[in-house]
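Undergrad: Build me a model:
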Amino acid sequence: MKFENKLVAILNKDIEIGVAMNALAHMAVGLGAHIGKDLLHLDIYRDANTNAYPNISRIPFIILKAKTSEIRKTVMLARESKIEHTIFLNTMTEGTYLEQIERTKNSPEEVLTYYGCVLFGAWEEVSKITKKFSLWK
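TA: Just a heads-up that it's a prediction; the model follows:
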């Protein structure tokens, strides 16, 4: 089955795996809530015993890696192309969420470290701006 939209995460290759997975989880939850069940093609998988495994997307979720500067550039391209996206930054860790919001608010964009971004949009458009990145392994 060919999908109209593509779902891609790009994670910072220079951060610890636990931090990267935390960033990915936050971004996936946030973007998923914004995009919604229908566009993400969420389905219920069932095993032979009829146990349900709900809300699994039929769309492949591709995980790539890049440097923070490359993620920053990708986010700028996503904004220009009006591709749905979310971002996770270094200011979004440590302390309470209120401290994180305040820290982000007081940080100029050029000093932020991009831990990752998730993009969702037209297959060709997303492919065009992510094709140069390697798979996360």
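
Undergrad: Which helix or strand contains Asn55?
TA: For Asn55, the host element (DSSP states H and E) is strand 52-57.

Undergrad: Run through who's touching the longest helix belonging to the chain.
TA: The residue-count maximum for a helix in the chain (DSSP state H) belongs to helix 17-35. With CB atoms under 8 Å, 6 or more residues apart in numbering as the test, helix 17-35 has contacts from 9, 11-12, 15, 40, 61, 63, 84-88, 92-93, 115-118, 120. Every residue, glycine included, has its C-beta placed from N, CA and C.

Undergrad: Return the subset of those residues lying in helices.
TA: Per DSSP H, the contacts of helix 17-35 never map to helices.

Undergrad: OK, contacts around the spatially most central residue of the chain?
TA: Centroid-nearest residue in the chain, with CA atoms, centre = their mean: Val118, separated by 2.1 Å. Residues counted as contacts of Val118 (CB under 8 Å, 6+ apart) are Leu7, Val8, Ala9, Ile10, Leu24, Met27, Ala28, Leu31, His85, Thr86.

Undergrad: make it 7 Å
TA: Ala9, Met27, Ala28, Leu31, His85, Thr86 (CB atoms under 7 Å, 6 or more residues apart in numbering).

Undergrad: What confidence value was assigned to the last one?
TA: Which is Thr86. With respect to pLDDT, Thr86 scores 98.

Undergrad: Give me the neighbour count for it.
TA: Counted by other CB atoms under 10 Å, the residues lying close to Thr86 total 22.

Undergrad: Many thanks, I have nothing further to ask.
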